[in-house]
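**Student:** I would like to see how this sequence folds:
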Amino acid sequence: MFALAVDESRCNRCRRCEVACQLRAERGAGGVPRIRVEEDGWPIIRICRQCEGAPCAEACVSGAIRSDPGRGTVQLDPSLCVGCWACVMECPFAAAFMTLLPDGRWQAVKCDGCSDFPVPLCARFCPTGALRWSGRAEGVAAGVRRRRAARLGRGVLR
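**Tutor:** Residues are numbered from 1 along each chain as shown. The predicted structure follows:
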């Protein structure tokens, strides 16, 4: 089962995740990286969390976004995308976004968990553990929840 944990408090803004994703994108994943690190006083990592019951998939009017229960990821078939922006509006993590194609049409873009690699490249090259991958969804997510609870218990908001 696919599990990617995002702990923005560990991000040092090195952007290695973006570079790894960009290199994969240039290698044949449509040319558009699927992760973005933005800043609003602290880093905000925009990457698909591969939600169970994904709001983007539920909102997709063309069926281009579907869950892959075998791997535990939410996949996008660009050939089915009609460019309606529904997935972008519904994603709670602002991880789905649109790109303008050379023919003037809009197309959705989102992380596929590096489906052609055994481990997502963003997590593989993250030096701080802000992005971590595990084959067990509950293990990696529980660790992030415990650290957040500990920070909140000490009165630290981030």
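
**Student:** From now on I want contacts and neighbour counts done on CA atoms only, so please keep to that.
**Tutor:** Fine.

**Student:** what's the first-to-last distance across stretch 86-104?
**Tutor:** End-to-end span of stretch 86-104 (C-alpha to C-alpha, to the nearest Å): 18 Å.

**Student:** Show me the contact partners of that stretch.
**Tutor:** With C-alpha atoms under 8 Å, 6 or more residues apart in numbering as the test, stretch 86-104 has contacts from 34-35, 46-49, 55-57, 59-61, 83, 85, 106-111.

**Student:** now with 6 Å?
**Tutor:** With contacts defined as C-alpha atoms under 6 Å, 6 or more residues apart in numbering, stretch 86-104 is touched by 46, 47, 48, 55, 56, 59, 60, 106, 107, 108, 109, 110.

**Student:** ok, now stretch 6-24?
**Tutor:** Identification of contacts with stretch 6-24 by C-alpha under 6 Å, 6+ apart yields 33, 35, 121, 122, 130, 131.

**Student:** Give me the subset of those residues that lies in helices.
**Tutor:** Of the positions in the contacts of stretch 6-24, 121, 122 sit in helices, assigned by DSSP state H.
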